[in-house]
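S.K.: Fold the following, please.
(chains A and B)
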Amino acid sequence: MLDYRVGEPIADTKAPEGPIGERWSTRKFEAKLVNPSNRRKHKVIVVGTGLAGGSAGATLAEQGYHVIQFCFQDSPRRAHSVAAQGGINAAKNYRNDGDSVYRLFYDTVKGGDFRSRESNVHRLAEVSVQIIDQCVAQGVPFAREYGGLLDTRSFGGVQVQRTFYARGQTGQQLLIGAYQALERQIDEGNIELHTRTEMLDLIVIDGKARGIVARDLTTGKLTTYLADAVVLATGGYGNVFYLSTNAKGSNASAIWRAHKRGAYMANPCYTQIHPTCIPRSGDYQSKLTLMSESLRNDGRIWTPKREGDDRPANEIPEEERDYYLERQYPSFGNLVPRDIASRAAKTQCDIGKGVGPGGLGVYLDFADAIARMGQPAVEAKYGNLFDMYQRITAENPYKVPMRIYPAIHYTMGGLWVDYDLQTTIPGLFAIGEANFSDHGANRLGASALMQGLADGYFILPTTLNHYIASNKFPDVDAADPAVAEVETGVQERLEKLLSINGTRTADSFHRELGTLMWDYAGMSRNDGGLRKALDRIPELREEFWRSVKVPGTGFALNQQLEKANRVADFLEFGELLVLDALVREESAGGHFREEHQDSDGEAARDDENFAHVAAWEYCGPGENPVLHKEALEFDYVHLTQRSYA
Amino acid sequence: MKITVRVWRQPSPDEAGRMVDYPVDDVAEDMSFLEMLDVLNEQLILDDEDPISFDHDCREGICGSCGMVINGQAHGPVKTTVCQLHMREFRDGDTIEVEPWRAGPFKILKDLVVDRSSFDRIIQAGGYVSVNTGAAPDAASVSVPKADADLAFENATCISCGACVAACPNGAAMLFTSAKVTHLNLLPQGQPERENRVLRMVQAMDDEGFGGCTNVGQCTQVCPKGIPFDSIMNMNREYLRAVKSSRGNQG
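M.R.: As a prediction, the model looks like this:
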């Protein structure tokens, strides 16, 4: 079984000292600048074109850098940020309801269950207001009130209305804004974009990230791209669970290859389970579909009071329904944070009160909202979500309550980065969901879009400037042995995958891994289960490399080869996730260890022993990883037990 | 239920393609169409046959990756993306014909996968507001009438799937292009580039080899996002207005 040892602690050496409200200003002032006319001499690689990558690529190009950008999809506008529904937070306080940068900062640190960095989170809250300005200027059609001003709504875990939205398609609209900014820079010749091209490894020379090896997915051709810095904006690793709300192509390969080249991986066990997804319907299920958390503003969640009550929802009288979130958490009610709502749903199902096929569901009921607001108002707010639900389930949610069940949705862990968003490999930056930085152990709703755009539009362009200005970049020879070694490694791995010609498809391994991960490292975890997973994953990985069947060749469009290559990485990454979950002997946010709960079944943190970031160092194949701890200090938001009661 | 999938197989852009029949047993009603293809592909792989290539990603009807012509209809019998189409729309014993988008500018790369990069190039020709990061005024400084914001949003929901082109007898990209022109030209933020935007985007559309609109309206019949046919009229008006305006002529 995979074991580990504890190494030297690490510190985020880039975060400035001083009052928290001044740190980002200080950093910006102290950052070195690159003369605008010199910027075009520097190439920067950006991998990924979602909110973080798209906004970063566009902004760096506007500043004058020569950007080389990649996405595996056929267009940058397909990146999975497009699917975010609910909204984006910003401390504008247009509602005059008591919001402020400090309150957004406070809510985010608390919502993250005190496992994020105060400096980073405060900066995120500061930048949030500029994001909305930028997006509106780009023509992002946010929802507006009749007076023509921007509308906002509330989201889980907060008591102010700070969430800007574009019906249930906020992610799409923000992504199109970033995409258009990107296309404008392509038109101006500042970005060289490679679509249908996937990064397969990182090139590190003299300790610095200097390029990537990427595969053209249409022709199969491998090409090496060299640059002065590499930015990974490749999203999260939720698909290690096979069934998740991620897009089918979302994968952990880029961050995992970077990890194997020396970048630390932080807090992989922090995974977010979203409470309002459509339950699965059969074994063929290929993904799960999320229903925006904003539905919890007006929908009421309940289960039958009696176990095994199998009457149709509408035949269960009011007094026999248990609105369990409103009962357990009277002040937040249906708007408790995601981790709490998810676990509460699981508890209901575990005690036999679940509804729908297999008893794996709870009701989300809009009858009261429809009675109060009228159906047209509900349609205007949530129409597209109701339509989607009806298409998938063939049930009409205006007439019968929706059935929902939690599913993996977002991953708070990711590559360790310092305050500058730089990984432990100099010149390698990670932004958006690919890094671990801002959400601690649990992300609040409508904060992913905020963080992706904060990183890409505002933070990275400042800190990357500093890196470029502070370093020298001798030309890299394409024939450098370090380059050749990476190229050969990539080539051999693809050939190996194609040559096994075994008896099982890549998907069948992915599904088996996903089931293992969900059963033992999903919504709740315990020592015995995690150890079982640690025993089983290496066996599964060995079986994969012995008996996977990948048809076709490497010299053409081969979607099975792409898939197998990603599954191979998940089979390694998953093991580290489980180890991290085993080592973190506390419950915090999305990481719930059954051994660590209070008498009410709430997550019990252990601040004395675990108020740290767990950053893992890769030490070679078959070698145990090394755990580096970064202590977290809370000078402003004092450590307390989260309470939403 | 049991069905037969009759699907377009084409190994590469330069090779000829043909329709091939595959039986699929054990199809469940609640399966999505793409999940049915997944099941078929698993079977093909184990039978040492080449699985069917098709673009897909989010499987939530929003990324715009998937698209195929099913029984002669772009995205199939329901007005949604093919990833949101479920097998309950079909009957036991059906033979379902599946083809790629067919239009000159959409080269077939393999099986059902086509090259839609022409759409990105149309956006490059002005489908944006030229505002650099950091240069934005406060978001509340400009108010937008709710009706304009709503109509702009409606047009901005286009997912760039290409169904409009596939359904059009002329292979026109007018609905796609007009959705972007309408979205941006309606908003105050889009005004400074209003004329150039429409002139350049229409030019790009023509340069890519898309056909012209003859008011057939098939595009709106298949558009999974319900982009209104009025947008095309609107783009034509914007175009004429731009041609006449001095600002447009300078562009």
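
S.K.: Please, where are all the helices along the stretch 101-250 of chain A?
M.R.: In the stretch 101-250 of chain A, the segments counted as helices under DSSP state H, counting those that start in this stretch are A:101-111, A:118-138, A:170-187.

S.K.: so which residue of chain B comes closest to chain A?
M.R.: The nearest approach of chain B to chain A comes at B:S143, 3.1 Å away (C-beta to the nearest C-beta). To be clear about C-beta, it is placed using only N, CA and C from the backbone, and glycine gets the same treatment.

S.K.: That residue: what secondary structure?
M.R.: coil (DSSP: H, G, I helix; E, B strand; the rest coil).

S.K.: separation between it and A:L453?
M.R.: Using C-beta to C-beta, to the nearest Å, one obtains 23 Å as the distance from B:S143 to A:L453.

S.K.: Comparing the two, which shows the higher neighbour count?
M.R.: Counted by other C-beta atoms under 10 Å in any protein chain shown, B:S143 and A:L453 do not tie: A:L453 has more neighbours, with 33 against 14.

S.K.: Outside of the host helix or strand of the more buried one itself, list whatever touches it.
M.R.: In this structure, A:L453 is located in helix A:448-453 according to DSSP states H and E. The set of residues that contact helix A:448-453 without belonging to it, under C-beta atoms under 8 Å, 6 or more residues apart in numbering or on different chains, is A:50-52, A:55, A:81, A:84, A:87-90, A:124, A:128, A:131, A:134-135, A:170-171, A:174, A:178, A:233, A:410, A:431-433, A:437-439.

S.K.: Repeat that for stretch B:191-205.
M.R.: Contact with stretch B:191-205 is made by B:121-127, B:129-130, B:173-174, B:177, B:180-181, B:184-185, B:190, B:235, B:238-239, B:241-243, B:245, B:247-248, B:251, as judged by C-beta under 8 Å, 6+ apart.

S.K.: All the strands of the stretch 251-400 of chain A, in order from the start?
M.R.: Secondary structure of the stretch 251-400 of chain A (DSSP state E, counting those that start in this stretch): strands located at A:265-266, A:271-277, A:300-304, A:321-322, A:362-365.

S.K.: Got the domain ranges for the chain?
M.R.: In the absence of a named chain, this looks at chain A. With domains defined by automatic domain parsing, chain A comprises A:274-409, A:481-631.

S.K.: not what I meant, chain B
M.R.: Looking at automatic domain parsing, the domains of chain B come to B:3-110, B:117-250.

S.K.: what packs against the top helix by length along chain A?
M.R.: In terms of residue count, the longest helix belonging to chain A (DSSP state H) is helix A:559-583. Other elements packing on helix A:559-583 under the criterion 3 or more C-beta pairs under 8 Å, 6 or more residues apart in numbering or on different chains; DSSP states H and E are helix A:253-260, helix A:481-500, helix A:506-521, helix A:527-547, strand A:612-617.

S.K.: how about the longest one as CSV, C-alpha atoms only?
M.R.: So that's helix A:527-547. The C-alpha coordinates for helix A:527-547 follow below in CSV (Å, rounded to 0.1, in the frame of the first residue of the first chain):
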residue,chain,number,x,y,z
ASP,A,527,-10.1,4.5,7.6
GLY,A,528,-11.0,1.0,6.5
GLY,A,529,-12.6,2.1,3.2
LEU,A,530,-9.7,4.3,2.3
ARG,A,531,-7.2,1.5,3.0
LYS,A,532,-9.3,-0.8,0.8
ALA,A,533,-9.1,1.7,-2.0
LEU,A,534,-5.4,2.0,-1.6
ASP,A,535,-5.1,-1.7,-1.9
ARG,A,536,-7.3,-2.0,-4.9
ILE,A,537,-6.2,1.0,-7.1
PRO,A,538,-2.7,-0.3,-7.8
GLU,A,539,-4.1,-3.7,-8.7
LEU,A,540,-6.6,-2.0,-11.1
ARG,A,541,-3.8,0.0,-12.6
GLU,A,542,-1.7,-3.0,-13.2
GLU,A,543,-4.6,-4.7,-14.8
PHE,A,544,-5.1,-1.7,-17.0
TRP,A,545,-1.6,-1.8,-18.3
ARG,A,546,-2.0,-5.6,-18.9
SER,A,547,-5.4,-5.8,-20.5
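
S.K.: wait, does that helix make contact with chain B?
M.R.: No - contact of helix A:527-547 with chain B is not found when judged by C-beta under 8 Å from any C-beta of the partner chain; the minimum separation is 11.8 Å.

S.K.: Quick one: mean pLDDT over that helix.
M.R.: What helix A:527-547 shows for mean pLDDT is 98.

S.K.: swap in the third one?
M.R.: Per-residue confidence for helix A:506-521 averages out to 97 on the pLDDT scale.

S.K.: list the contacts for B:Q124?
M.R.: With contact set as C-beta under 8 Å, 6+ apart, B:Q124 has these partners: A:183-184, A:186-187, B:204.

S.K.: Low-confidence bits of the stretch 401-550 of chain A, can you list those?
M.R.: Low-confidence segments of the stretch 401-550 of chain A, defined by pLDDT under 70: none present.

S.K.: which parts of it sit against chain B?
M.R.: A:457-458, A:461, A:503, A:505, A:507-508, A:549.

S.K.: Selection in ChimeraX covering whichever of those residues are buried, please.
M.R.: Selecting the buried subset of these in ChimeraX, with 16 or more other C-beta atoms under 10 Å in any protein chain shown as the burial test, is done by:
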select /A:457,458,461,505,507,508,549
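
S.K.: What residues of the longest helix of chain A count as buried?
M.R.: By neighbour count, and taking 16+ other C-beta under 10 Å as the criterion, the buried residues in helix A:559-583 are A:559-582.

S.K.: ok so, going back, quick check on the contacts of stretch B:191-205: which are buried?
M.R.: For these, burial is judged from neighbour counts taken by 16+ other C-beta under 10 Å, and it is met by B:121-127, B:129-130, B:173-174, B:177, B:180-181, B:184-185, B:190, B:235, B:238-239, B:242, B:248.

S.K.: Tell me the confidence at the spatially closest residue to A:A58 that is not a sequence neighbour?
M.R.: Counting by C-beta to C-beta, 6 or more residues apart in numbering or on different chains, A:A181 is the residue found nearest to A:A58 once chain neighbours are left out, at 3.7 Å. pLDDT, A:A181: 98.

S.K.: just B:R247 next, same as before
M.R.: The predicted local confidence for B:R247 is 67.

S.K.: how about A:T271, what does it touch?
M.R.: Listed by C-beta under 8 Å, 6+ apart, the contact partners of A:T271 are A:238, A:241, A:408, A:410-413, A:521, A:577, A:590-591.
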